[in-house]
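J.: Predicted model and sequence follow; I will ask about them next.
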Amino acid sequence: MWVKLALKLFSREFQRGELSIIFAAIALAVLTVFSLSSVTERIGLNIEQKTSDFIAADRRLSSNHAISPEILEHGKALGLQTAKMIYFDSMLFANDELVLGSVKAVSNTYPLRGEVTLKDSLDGQPYEIRGAPEVGQLWLSEGLFYSLGLKVGDSVELGAGNFIVGKVLVSEPDAPFFSLAGNRRVLLNYEDIAATGAVQPGSRVFHRLLFAGEEQLLSEFYTWLKPQMKANQTWQGVKDRQSPLGDNLMRAERFLLLAGLFGIMLAAVAMAVSAKRYCERQYDPVAMMKTLGGSRSVIRNIFLLHLSLVTGFSILVGLLIGFVLQHIGADYLAKFMDAELPAAGFRPWLISIFIGIVCALMFSLKPLLDLFDIPPLRVLRRNLGDQLTLSRLHVGLSLVTIFLLMWMFSAQLVTTLILFGSTLLVIAVLFALSRLIFSAGRKLGLSPGSSWSLAIATLQKRANANAIQLISFALAIKLMLFLVVLKNDMISDWQMQVPEDAPNMFLINIAQDEVQPLTSFFEQHNITHEDFYPVFNARVDSINGEELERRVSQQEGEQEQKDENERRGVNREPNLTWLSQLPQGNEITEGEWFSNNTVDGRIEVSVFEGWKEQLDLELGDTVGFLVNEQRFEAVVTSFRSVDWGSLKPNFVMILSPNMAGQIPVTYFSAAKLEDKHTKAISSMLQQYPTISMIDIKSRLEQAQSIIAQVSLAIGFVLAIVLISGALVLVSQVQASLAERMQEVVILRTLGAKGKLIKLATLYEFLLLGAIAGLVAAIVSDIALLIIQQQLFDVAGKMHPYIWLLGPLSGAGFVSVIGYFMVAKTMRQNTQGLLRKIA
Amino acid sequence: MSVFSQLNIINVSGLTKRVNTFEGELTILSDINFAVKSGESVAIVGASGSGKSTLLSLLAGLDVATQGEIILDSEPLGEMDEEQRAQLRAEKVGFVFQSFMLVQSLTALENVMLPAELAGDKNAKQQAIDLLEKVGLSHRLEHYPSQLSGGEQQRVAIARAFIGTPKILFADEPSANLDSKNGHMIEKLLFDLNKQNGTTLVLVTHDEQLAHQCDRIIHIEGGKLETIREGEAANVG
């Protein structure tokens, strides 16, 4: 019997719109979580796939020693795709010219991710393929064709072997971002390594194994691999540091995650507000039913059924709208990104249904318990039960639930703590503010009978109601401001890394006497270019007078192993330069940048901080370099952080400017070339055949397209969060409509003109929004400072503009939404309103 | 149980109600004793704050006494828990309130059916239609409370009070929120239905004229029973 009654009550409450707030709140939570998690998952998968191109695989194992074949076999056995690679330098000989080539020998499965771009002839059209050169063939980069005077089909010697030039190599997915050997790339089939005779014991060779496959298989493989990895082996994925765009990708992912958290938080606020309001509106009917003999169990069943119905229905609608939204969003993104977005898995469905149910249960539990406890005596004493409304338990339960949901969704305790903490701060500040009004009211209220007493009593009553509104407005504004600022910061940070006018061509190997004619050439063709940097190769051969190789070979046992590990990289011959200014994207972490007056004319060196540990260096150490037969020493005066994600040339070691003239060098420059310059450039290259050109246009475009995608994804997510925020405001204003209606009736009855009431409402919302916005701005800025430093690894900074943006947008946003919702009420006549509130 | 108490449908003895306030314990009702016979109409009168509404709430089992005993149709309220008192109300008690207390989301007909439905009565609809006809609202069955005038809402409330033919009807200032014309109409309806159904009526009012229409008038002052006198109805009846 109660089921029939419950269903009848439910359908009536639904039609009357009493359940619409709670319904919208759950649907909002579900649709936000669903669309965010599925769109981010789909975009994330796509971005991961795209960026996997950068290493031509999902993961790679690198070493400067041969890697046991067992590792590759195990990967294959697990079902992973695999490929083998070896890098080495070797001489190429053709038409009486001898050039050192940078060779990469690859197995036929290369590349596992991304494509190789080739041309059939120097003036042919580029096309993309997957695969390695046929056995007996080489693919050479354009520069080598000019240097060796070759054309496709010619024969060329590489080491001891003789090969046919098969194709022009335009780009490889995993080419280094910046390499001085960029224009002398040679791609060779793995089977042909032996024929070159270049790989002998002791020769400088780098080995790589590539792996691709499902994430779960990859991590299973890594679990197997990890314990047996040697010190000289490194395991890398796209997201690892120092991999190009890895940092940016990580930041984007964290942003999307953060946005998801905000979505949940906003929906939770809407839910908590609306559940409480709904239950409060049921106090009278419940008291009445109890008076008329309704038992507690019947009443409990009725309202639990209501909750289940509204939860089930709203989850369904939330999922439906979320599905359509993410479909439209993903379609649009796919078009924009010119890529198929991979379908999202079950996770978004499960997580959003779960969150919908948890929200419904946790946020309505306490209000419902309160509702069941409403005494029947309320029918005679109308305010009985009202004191239950400000329940600490409800607030506590809601907060714990929000925290757990955020933690569960993000799986990141620190992020959750920062966000949650800053939110509590907003609440605390606003609560203190309303208390202040309260206590001020009490002090003034001591003079009984004054007209102030009435005014202050009203103020006190409103202070409590307004504080709750203020808190939720501020919360919504805070979260929105937070995301807007973070988005702007992040995107402008990226754009700075890859600016529109970034050079897309590196020119290397420029002789001293070629600098002047080249400068004239650039000027003549109106080509913007960077300065000419001096560049030379040197071998780091001693530290504090101790020769590294000898030191290593003289020692034995564990110590030897340790030293070798510690000073890994001593064999490397870094590219060196000298500079008077600290390059962009570099920051001194220890010591000081070169001053104009060096001590006794000594040479100083600034070292990349990553090498500090590898070479076991300290400030004041003397590093010995060997250039051909010439030896020189430099004192370490600073360590630098280097932004490897930037597309600028970066140097591990930079010498002080007094190095100039002491060593023969070549020069390096970069220029922004457009299509119209192609002809002039190729004639220039023919004129100066020793100059090599590295085209990073495609790499740059790839990087810019990823940044554009991520920015768009962030914009999409931000839009969803903004809508959620607006809905929180709507639910909050809607929750206060009954009280407002009563006020309108009283004011109207007392003869207040419509315009007066409307203006008063508008001002009230303007003020509420401005205060909420100001508090939100202050707290967001503090939270942003922490978040940017802790989570995004960027220097945190204050954002003075949001101190203005907060109150302005708050006032605008709240007053527009609030006013339009209340305006509807004001259009009704007083009699109609009277009946509604009766 | 004595023969005397069996004749009385309500028996109140030594009834005291105290509440805790910020200023200490406050006695609202003190040592009230009276009885109401079955079918009798009794008015409880007194000034505002005299304790008459508290007495009504105790009699109806909406609240519990601090001391003393109330026996409602042979059932001692003091020994019952809230669920049992609700069950008792469902079976034997009807209510009419000053502020009507209709459920806003239900139509006039559904509001009248509500007590019967809560009690699991499957024949509620026809009973409700008949009652609404008796109060002159057969043309308003599908109207919601907000679509009815104050007088009409109170007539719905009266129809609701009589569904399930309760033995006792409690009315709290039933005409106080209405104009005099509607007020009189409601009062007449209440007494007529009371007589037709043989219901016991306990009425709280500060309206002396209304009180005099009852068989007896219980006068409460400062939480104490001042006088019990006979009303006009007793002389007529």
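T.: Perfect, thanks for sending it. Residues are numbered from 1 along each chain as shown, chains lettered A, B, ... in the order given.

J.: helix, strand or coil for A:Leu150?
T.: Classification of A:Leu150 by DSSP: H, G, I helix; E, B strand; the rest coil places it in coil.

J.: Might you report the residue contacts of it?
T.: Going by C-beta atoms under 8 Å, 6 or more residues apart in numbering or on different chains, A:Leu150 touches A:94-95, A:140, A:144, A:156, A:165. Backbone N, C-alpha and C define where each C-beta goes, glycine included.

J.: quick one: pLDDT of A:Arg640?
T.: Looking at A:Arg640, its pLDDT stands at 90.

J.: if we look at the sheet, which residues does it bridge to?
T.: A:Ile588, A:Phe608 (DSSP bridges).

J.: hmm, back to that, taking the contacts of A:Leu150, tell me the two that lie furthest apart.
T.: For those, the farthest-apart pair by C-beta to C-beta is A:Asn95 and A:Leu140; their separation is 13.2 Å.

J.: how close does B:Ala90 sit to chain A?
T.: 2 Å (C-beta to the nearest C-beta, to the nearest Å).

J.: Please say which of A:Asn95 and A:Leu140 ends up with more neighbours.
T.: Between A:Asn95 and A:Leu140, counted using other C-beta atoms under 10 Å in any protein chain shown, the more crowded position is A:Leu140 (30 against 10).

J.: That one touches A:Phe163, doesn't it?
T.: No. Taking contacts as C-beta atoms under 8 Å, A:Leu140 lies outside contact range of A:Phe163: 9.6 Å.

J.: Find the closest residue to chain B in chain A.
T.: A:Gly293 (2.3 Å; C-beta to the nearest C-beta).

J.: Now do the SS call for that residue.
T.: coil.

J.: Looks like it contacts B:Gln87 (just checking).
T.: Yes. With contact defined as C-beta under 8 Å, A:Gly293 reaches B:Gln87; the gap is 6.6 Å.

J.: Looking at those two, which is more packed in?
T.: A:Gly293 (26 against 18).

J.: backbone phi and psi for that one, please?
T.: phi 100, psi 10 (degrees, to the nearest 10).

J.: coming back round to it: any residues in contact with both of A:Leu140 and A:Phe163?
T.: A:Val156.

J.: Name the helix or strand of chain A that has the lowest mean pLDDT.
T.: Lowest on mean pLDDT, DSSP states H and E among the helices and strands of chain A sits helix A:557-566, with a mean of 42.

J.: Buried ones in the helix or strand where A:Phe363 lies, by neighbour count?
T.: Using DSSP states H and E, the element containing A:Phe363 is helix A:347-372. Neighbour counts using 16 or more other C-beta atoms under 10 Å in any protein chain shown place A:348-349, A:351-360, A:362-368, A:370-371 of helix A:347-372 among the buried residues.

J.: Kindly report the same for stretch B:110-124.
T.: Applying 16+ other C-beta under 10 Å to stretch B:110-124 flags B:110-119, B:121, B:124 as buried.

J.: What about those, which are in helices?
T.: Under the assignment DSSP state H, the buried residues of stretch B:110-124 contribute B:110-118, B:124 to helices.

J.: Could you list which of those residues also contact chain A?
T.: B:110, B:114-115, B:117-118 (C-beta under 8 Å from any C-beta of the partner chain).

J.: Would you mind finding the longest helix in chain B?
T.: helix B:180-197.

J.: And the contacts of the very next helix or strand once past it?
T.: As assigned by DSSP H and E, the chain's next helix or strand after helix B:180-197 is strand B:200-204. Contacts with strand B:200-204, where a contact means C-beta under 8 Å, 6+ apart, come from B:9-10, B:36-45, B:52-53, B:55-56, B:59, B:167-174, B:190-191, B:194, B:210-211, B:214.

J.: Apply 6 Å and report the result again.
T.: With C-beta atoms under 6 Å, 6 or more residues apart in numbering or on different chains as the contact definition, strand B:200-204 has outside contacts at B:9, B:38-44, B:52-53, B:56, B:168-172, B:194.

J.: Whichever of those residues end up buried, select them in PyMOL.
T.: Selection of buried members from the contacts of strand B:200-204 for PyMOL, criterion 16+ other C-beta under 10 Å:
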select buried, chain B and resi 9+39+40+41+42+43+44+52+53+56+168+169+170+171+172+194
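
J.: Could you list which of the contacts of strand B:200-204 belong to strands?
T.: The strands, defined by DSSP state E, take in B:9, B:41-44, B:168-172 from those.

J.: Go through these and name the one nearest A:Ala811.
T.: When those are ranked by distance to A:Ala811 (C-beta to C-beta), B:Asp172 comes first, at 47.3 Å.

J.: what about B:Arg18, distance to A:Gly715?
T.: The gap separating B:Arg18 from A:Gly715 is 66 Å, by C-beta to C-beta, to the nearest Å.

J.: Between the two, which has more neighbouring residues?
T.: B:Arg18 (15 against 11).

J.: Isn't the more buried one up against B:Gly24?
T.: No. Counting by C-beta atoms under 6 Å, B:Arg18 sits too far from B:Gly24 to count as a contact (10.2 Å).

J.: Go through the longest helix of chain B and flag the buried ones.
T.: So for helix B:180-197, counting by 16+ other C-beta under 10 Å, buried means B:182-183, B:185-187, B:189-191, B:193-194, B:197.

J.: would you list those in a markdown table and tack on distance to A:Glu172 and pLDDT?
T.: Conversion of the buried residues of helix B:180-197 to a markdown table gives the following (distance: C-beta to C-beta, whole Å; pLDDT from 0 to 100):
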| residue | distance to A:Glu172 | pLDDT |
| --- | --- | --- |
| B:Asn182 | 92 | 82 |
| B:Gly183 | 95 | 85 |
| B:Met185 | 96 | 84 |
| B:Ile186 | 93 | 85 |
| B:Glu187 | 98 | 87 |
| B:Leu189 | 95 | 84 |
| B:Leu190 | 96 | 85 |
| B:Phe191 | 101 | 89 |
| B:Leu193 | 96 | 82 |
| B:Asn194 | 99 | 83 |
| B:Asn197 | 97 | 84 |
